[in-house]
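# coords below, sequence missing:
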């Protein structure tokens, strides 16, 4: 049964307001009437009987769905005459709901129907109404409707603070929605009434294990981040000491350009630096990833294997055939990120493009005073002479 079936087509927001109003109204009425009756008693007057006022709470103002299509309990239904008390009718509906619930998931909607019927009777026994609510919650628990379970069990406990099944189902639903602290509070409240309740003890134990596991994972994450930070700091120090390579922070998520590779700048046992490098082609939003660009490699060493005439094939995105070795130019932007080593003094200049010759090795470029490695080196490649090229250099893109 959907939420709309149970509430006559209300939206989720309207339903939440309805249920919240039920809980708050019930609590407020109890306190106000308790105080009012105490004042009457103090005056020697007879207290007022409020036993039936709860029937006006929004929880009982529900429209019911159509009756089950196949009703094997029709005879029992027909035996409910007007001579039966509301309590007897409600109990009969509850028992029918229990029978359907035991038959399994295929009859859960029928079970919900009869629990709703039991509630719609509005009998005067609040403990029974509490049971009907917690039974309906049991069905919704099996259906995974944990929000509805919380709503039903919250009011069931208000109607009868000793309904231990309501505490158990409420605590389980809260745990399923990762409301672990609320679940523990519910367990504690239930255990305050019945300290030996095994079900609540088990739920609380399991929730505490989940909280410990969450705390452990969070600490592992903090430790890993600290370890990575220390490794990064050590690498930045070694790179700067070697050739004043300035390792900085990433300026954007590089995984989209490195094909999810986790390769980083490394220093081998011979103290040679290996750079994973990203070439960006901003005119087309394309890129290439060079996994190992060694210090003595020039840009031409890699580019000539990628573009004509050495490579006879044009890039698939270069439909105008403008990206050839005699036309492509390589650029980097000055000071585009901050160095990891805080004691490195960078000359503050306006950001600008600096061209890199094909014959220049990467070591010379990376050691440039204004080049800061944005985690891994990035270079922009454009084709000289077209309209995009002019806008690129003028920073009008």
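It's in. Here the structure is a predicted model, which is why all the values come from computation and not from measurement. Numbering: from 1, shown residues only.
# Now for the nearest residue to residue 362 once chain neighbours are set aside, how many residues are close by?
In this structure, residue 362 finds its nearest non-sequential neighbour in residue 293, 5.5 Å apart by CB to CB, 6 or more residues apart in numbering. Where C-beta positions appear, they are placed from N, C-alpha and C, glycine not excepted. Residues within reach of residue 293, counting by other CB atoms under 10 Å, total 24.
# Let me know the secondary structure of residue 293.
strand (DSSP: H, G, I helix; E, B strand; the rest coil).
# Give me the three-state assignment for the most far-flung residue of the chain relative to its centre.
The C-alpha centroid of the chain is most remote from residue 44, which lies 58.5 Å away (CA atoms, centre = their mean). Assigned by three-state DSSP, the conformation of residue 44 is coil.
# cool, and residue 230?
Per three-state DSSP, residue 230 ends up helix.
# returning to that earlier point: model confidence score at the residue farthest from the centre of the chain, please.
With respect to pLDDT, residue 44 has a value of 75.
# same check, this time on residue 259
We note a pLDDT of 79 for residue 259 in this prediction.
# ok, now the one 3 residues further on?
You'll see residue 262 listed with a pLDDT of 81.
# Quickly note the distance from it to residue 254.
10 Å (CB to CB, to the nearest Å).
# now do residue 392
Counting by CB to CB, the gap from residue 392 to residue 254 is 21 Å.
# try residue 284
19 Å.
# The two - which one has more neighbours?
residue 254 (19 against 14).
# got the contact list for that one?
278, 375, 376 (CB atoms under 8 Å, 6 or more residues apart in numbering).
# Show me the helices in the chain, by range?
All helices of the chain, identified by DSSP state H, fall at 3-7, 12-42, 74-78, 86-102, 108-120, 126-143, 146-159, 164-176, 180-193, 198-243, 299-303, 362-366, 387-393.
# can you put these in a markdown table and add distance to residue 324?
Output for those, formatted as a markdown table (distance: least, CB to CB, whole Å):
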| stretch | distance to residue 324 |
| --- | --- |
| helix 3-7 | 64 |
| helix 12-42 | 60 |
| helix 74-78 | 86 |
| helix 86-102 | 75 |
| helix 108-120 | 69 |
| helix 126-143 | 65 |
| helix 146-159 | 62 |
| helix 164-176 | 61 |
| helix 180-193 | 62 |
| helix 198-243 | 32 |
| helix 299-303 | 10 |
| helix 362-366 | 22 |
| helix 387-393 | 14 |
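# Now render those as a markdown table, adding mean neighbour count.
Output for these, formatted as a markdown table (neighbours: other CB atoms under 10 Å):
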| stretch | mean neighbour count |
| --- | --- |
| helix 3-7 | 17 |
| helix 12-42 | 13 |
| helix 74-78 | 11 |
| helix 86-102 | 18 |
| helix 108-120 | 23 |
| helix 126-143 | 22 |
| helix 146-159 | 24 |
| helix 164-176 | 24 |
| helix 180-193 | 18 |
| helix 198-243 | 13 |
| helix 299-303 | 18 |
| helix 362-366 | 20 |
| helix 387-393 | 14 |
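# Out of those helices, flag the one nearest residue 48.
Closest approach to residue 48 among these is made by helix 12-42 (6.3 Å; CB to CB).
# From the contacts of residue 254, pick the one nearest residue 269.
Checking the contacts of residue 254 one by one against residue 269 (CB to CB), the nearest turns out to be residue 376, at 20.9 Å.
# so what's that closest one up against?
Per CB under 8 Å, 6+ apart, neighbours of residue 376: 250, 254, 258, 263, 264, 265, 275, 276, 277, 278.
# and it, how far is that from residue 96?
In terms of CB to CB, residue 376 sits 68 Å off from residue 96.
# can you check residue 181 too?
To residue 96, residue 181 is 38 Å away according to CB to CB.
# Then residue 36?
39 Å.
# Residue 286: what's its closest spatial neighbour, skipping adjacent residues?
Closest to residue 286 by CB to CB, 6+ apart is residue 317, at 5.4 Å.
# quick one: pLDDT of the one you found?
Residue 317 is given a pLDDT of 96.
# got it, and residue 50?
56.
# ok, residue 257 - how many residues close by?
18.
# list the contacts for it?
Applying CB under 8 Å, 6+ apart to residue 257 gives the contacts 278, 280, 287, 289.
# Verify the stated contact: the last one with residue 256.
No. Under the criterion of CB atoms under 8 Å, residue 289 makes no contact with residue 256, lying 10.3 Å away.
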